[in-house]
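1. coords please:
(one chain, ligands or ions: 1)
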Amino acid sequence: MLFSVGLSLVVLLSVVGAATVERVEYDYYKIPSNARDHRLMVQAVKDYPEVVTIVEYGQTYEKRTISLLKIGVNTGEQKKAIWMDCGIHAREWIAPAFCRTLSKRSFKTTQLDCGGRTDLNRNFNANWGTARVSFECCDNTFCGIKPVSEPEAQAVTYFVGNRKEDFLCFLTIHSYSKMLLVPFGHPNFIASNYDELKKVGRGAADAIRSVHGKDYTVGTSPDVMYANSGSSQDWARMQGIPLTYTFELRDDGTFGFELPQDQIQPTCEEAYSGALHIITYAHDKTFSGATATAATLWSMLLALGVTGTTLM
Ligand SMILES: [Zn+2]
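-> Here you go, the predicted model:
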């Protein structure tokens, strides 16, 4: 259902998704199980080796492999790509649920118990340590002992940074507060394409509202929430990736991180609509007039559950 919308855009994703639903019994709108996720992941690669690839791009704090799912035809050529990660903050379990429904398959690399771990979304090399962070390792906003001190942040930095010119979008999925955040988290910095980011973000919020009537606020962190520094979104924008957004999914705080199961489906549906708006914009801007061959020109990279920190 979600993927019929994206047929013209992410063709390969839709093919994979449709076929998976038939092959594997899996309810994407229940709190998922890691073992089944992994099975689905392996099954996807078996079934569609020409479309789906598992890319190992780093290791976690616990030395477990971090993988991502690459969806796209392997043409042997360097292509443009969309980055999407979900689950950088483990307790925001609705975020990976969204990536699972987006990809219709998923994988899980690690699930740690947290105790004094670094907040990865304060650990990137983007005005690191300058706004609303803690240098106390027991605090929720502990930004690490230095920029990119954490292996999970290193892995993203290395993987994305090595081909940053190929990325059109960098979408990082979090919860909660129903917001679409644009760079930058530090109030003293403004993105060079701030107007574009806001405009596209508002379009995405409109798309979200049209699905289940939920209002998502669009703006920079300091404008709509609070300042921060060292986020992956800010880092990605500073690398030159033009369209970088942080999705803060439902809800408003009634349930907070423990979003009830019956809200998974509507949350994913509306978030998909918002993400699709951004991806479509990026696509059209980059490949105007090349729709027919777009599938061979780009791919999607979904990094799910990259860490196990339990921080916000
Ligand atoms: Zn988060």
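2. so where's the stretch 51-200 of the chain uncertain?
-> In the predicted model, the stretch 51-200 of the chain carries pLDDT under 70 at residues 73-75, 102-116.
3. and it, which of its residues are near the ion?
-> Residues of the stretch 51-200 of the chain lying near the ion by CB under 5 Å from the ion: His89, His174. To be clear about C-beta, it is placed using only N, CA and C from the backbone, and glycine gets the same treatment.
4. Go through stretch 182-191 and flag the buried ones.
-> By 16 or more other CB atoms under 10 Å, the buried positions in stretch 182-191 come out as Val182, Pro183, Phe184, Gly185, His186, Phe189, Ala191.
5. out of those, what pair is the most spread apart?
-> Greatest spatial distance among the buried residues of stretch 182-191 (CB to CB): Val182 and His186, at 12.7 Å.
6. Assign the residue nearest to Ser221 when sequence neighbours are not counted to helix, strand or coil.
-> With sequence-adjacent residues excluded and distances taken as CB to CB, 6 or more residues apart in numbering, Ser221 is closest to Gly185, at 4.3 Å. In three-state terms, and counting by DSSP: H, G, I helix; E, B strand; the rest coil, Gly185 is coil.
7. can I assume Gly185 is in contact with Asp223?
-> No: Gly185 is not in contact with Asp223 according to CB atoms under 8 Å; the separation is 10.4 Å.
8. residues contacting the residue nearest to Ser221?
-> Residues counted as contacts of Gly185 (CB atoms under 8 Å, 6 or more residues apart in numbering) are 126-127, 131, 220-222, 227-231, 233-234.
9. Mark which of those are buried, thanks.
-> The neighbour count (16+ other CB under 10 Å) marks 126-127, 131, 220-222, 227-231, 233-234 as buried among those.
10. a markdown table for those residues, including distance to Leu302?
-> A markdown table is the format used below for these (distance: CB to CB, whole Å):
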| residue | distance to Leu302 |
| --- | --- |
| Ala126 | 22 |
| Asn127 | 27 |
| Ala131 | 29 |
| Thr220 | 25 |
| Ser221 | 24 |
| Pro222 | 29 |
| Ala227 | 29 |
| Asn228 | 24 |
| Ser229 | 26 |
| Gly230 | 23 |
| Ser231 | 19 |
| Gln233 | 16 |
| Asp234 | 21 |
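11. Same list, these, but as TSV with secondary structure please.
-> Output for the buried ones among the contacts of Gly185, formatted as TSV (three-state DSSP):
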residue	secondary structure
Ala126	coil
Asn127	coil
Ala131	coil
Thr220	strand
Ser221	helix
Pro222	helix
Ala227	coil
Asn228	coil
Ser229	coil
Gly230	coil
Ser231	coil
Gln233	helix
Asp234	helix
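12. Which two of the residues you listed have the greatest separation?
-> Thr220 and Gly230 (14.9 Å).
13. is it true that Tyr61 touches Ala153?
-> No: counting by CB under 8 Å, Tyr61 stays clear of Ala153, with 10.3 Å between them.
14. So if I had to pick from the two, which one is more boxed in?
-> Comparing Tyr61 with Ala153 by other CB atoms under 10 Å, the one with more neighbours is Ala153, at 26 against 16.
15. The more buried one falls within a strand, correct?
-> No: according to three-state DSSP, Ala153 belongs to no strand; its state is helix.
16. Mind listing the residues bridging to Met300?
-> Beta bridges link Met300 to Ile71, Ile82, judged by DSSP bridges.
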